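K.L.:
task: produce atomic coordinates for the following.
(one chain, ligands or ions: 1)
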Amino acid sequence: MAKCLLRVFAMGRPKICLPINSEAKATFCGVIPTVTVEHPGIVRQLDTQQRERCMYSHYKKMATFAGKGNDLIFRQLLEYKSFTYTYLLADPQTKEAILIDPVYETAERDVKLVHDLGLNLVYGVNTHVHADHITGTGEIKKKIPTCKSVISKISEAQADVKVKEGDKIKFGKFEIECRSTPGHTNGCMTYVLHNKGLVFTGDALLIRGCGRTDFQQGSAETLYKSVHEKILSLPPDYRLFPAHDYTGQTSTTVEEEKKCNPRLTKTLPEFVKIMKELNLPYPKQIDRALPANMVCGLQVPPEEAKTEAKA
Ligand SMILES: N[C@@H](CCC(=O)N[C@@H](CSS)C(=O)NCC(=O)O)C(=O)O
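P.N.:
Numbers count the residues shown, from 1 in each chain. Got it, this is the predicted structure:
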């Protein structure tokens, strides 16, 4: 049995508050880890009922993130070679889960997390054809064959599900809305979980920045329009999660970016000039990433995929 040290202090006394329910038990596959309450001068083993109460409290904290209600499992995961963020979202009741922007190198880690939490991964969702790393959706599908890969139709990449503007991707009681946000690439999608106010922007909007526009049909004018019309028009408290951050930050909000984004607070001509003058080196992995990502989730050349689809 797993041993979980729970340090709970309230007014200098260990605090146990909520009763466990069947959902929480199911999340831990019916196994309630051993819980010890540590307190200065007090370390004691809890009885079963106390342990159950503690675990529910722990579970509620784990499952809660940036939104109303305690009913969304949410994890932000980092792949630190390309500084890519992968997001795990799940409905703890039905166990249905999705991964947004998994990475090839960390696919095994993500699959293990899905299994550890007893989740049923239904979709591996790509925000776009990445140029700096290989998507993890192909590897994940090998390990979880029922998981479907997703990408925008406009990207022209091969995938199990090709989404367009306004489509909804459902997992359990949740759904994310697909918003087409071209400019970094023509096929970029931003995914919005409205009832939690969470937005997954891919490379369209980065924290205090935005995706480069110098390859893959990039266009500064198009990106400016996309970000203003589809992302910064959302309610100010919506929390934005990018596909990358190179400065160690994890999230931002619509309000923050409207005030502080050094590129997107400028006029369109100023923005276009900034983007022209970025002069970033090409991503190191671009030559292997682009062809692999054009078959995201299938990992077979497009011609073979077509033959399989016909058969
Ligand atoms: N050095 C990295 C690539 C860094 C980079 O170009 N990032 C892209 C997103 S991935 S294509 C970008 O849009 N950056 C915008 C910016 O302002 O940094 C590598 O070699 O992989």
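K.L.:
what ranges does the stretch 1-150 of the chain have for its helices?
P.N.:
For the stretch 1-150 of the chain, helices defined by DSSP state H, counting those that start in this stretch occupy the ranges 22-27, 48-63, 107-116, 137-143.
K.L.:
which stretch in these has the least confidence?
P.N.:
Comparing mean pLDDT across the helices of the stretch 1-150 of the chain, the weakest is helix 22-27, with a mean of 35.
K.L.:
enumerate the residues of the stretch 201-311 of the chain near the ligand.
P.N.:
Selection of the stretch 201-311 of the chain residues close to the ligand by Cβ under 6 Å from any ligand atom yields Asp203, Gly209, Gly211, Arg212, His244, Leu280, Pro283, Lys284, Gln285. Using the backbone N, CA and C atoms, a C-beta is placed for each residue, glycine as well.
K.L.:
OK, contacts around the closest residue to the second one other than its chain neighbours?
P.N.:
Nearest residue to Gly209 in three dimensions, chain neighbours excluded: Arg263, at 6.3 Å (Cβ to Cβ, 6 or more residues apart in numbering). For Arg263, the contacting residues are Gly209, Cys210, Phe271, Ile274, Met275, taking Cβ atoms under 8 Å, 6 or more residues apart in numbering as the criterion.
K.L.:
Val103 contacts Glu79, correct?
P.N.:
Yes. Counting by Cβ atoms under 8 Å, Glu79 is a contact partner of Val103 at 4.0 Å.
K.L.:
other residues contacting stretch 137-146?
P.N.:
Everything outside stretch 137-146 that qualifies as a contact, by Cβ under 8 Å, 6+ apart, is 99, 102, 104, 107-108, 110-111, 114, 120-122, 124, 126, 147-150, 159, 292, 295-299.
K.L.:
if you set the cut-off to 10 Å instead, what comes out?
P.N.:
99, 101-108, 110-112, 114-115, 119-126, 147-151, 159-160, 292-293, 295-300 (Cβ atoms under 10 Å, 6 or more residues apart in numbering).
K.L.:
okay, now the unreliable bits of this protein?
P.N.:
1-69, 297-311 (pLDDT under 70).
K.L.:
by proximity to the ligand, which residue of the stretch 1-150 of the chain wins?
P.N.:
Closest approach between the stretch 1-150 of the chain and the ligand, counting by Cβ to the nearest ligand atom: Asp132, at 3.6 Å.
K.L.:
leaving out the residues flanking it, which one is nearest to the most centrally placed residue in the chain?
P.N.:
Central residue of the chain (Cα atoms, centre = their mean): Tyr87, 2.1 Å from the mean position. Using Cβ to Cβ, 6+ apart and skipping residues adjacent in sequence, the residue nearest Tyr87 is Ile100, 4.2 Å away.
K.L.:
name whatever forms a beta bridge with that neighbour.
P.N.:
Tyr87, Val125 (DSSP bridges).
K.L.:
how close does it sit to Tyr246?
P.N.:
Between Ile100 and Tyr246 the computed distance is 19 Å (Cβ to Cβ, to the nearest Å).
K.L.:
who's more crowded, these two?
P.N.:
Remark: of Ile100 and Tyr246, Ile100 carries more neighbours, 23 against 10, as counted by other Cβ atoms under 10 Å.
K.L.:
overlap of the contact sets of Val103 and Glu79?
P.N.:
Common contact partners of Val103 and Glu79 (Cβ under 10 Å, 6+ apart): Tyr85, Thr86, Arg109, Asp110, His133, Gly136.
K.L.:
tell me the most packed of these, by neighbour count.
P.N.:
Most surrounded of those: other Cβ under 10 Å gives Gly136, at 28 neighbours.
K.L.:
so that residue touches Thr106, yeah?
P.N.:
Yes. With contact defined as Cβ atoms under 10 Å, Gly136 reaches Thr106; the gap is 6.5 Å.
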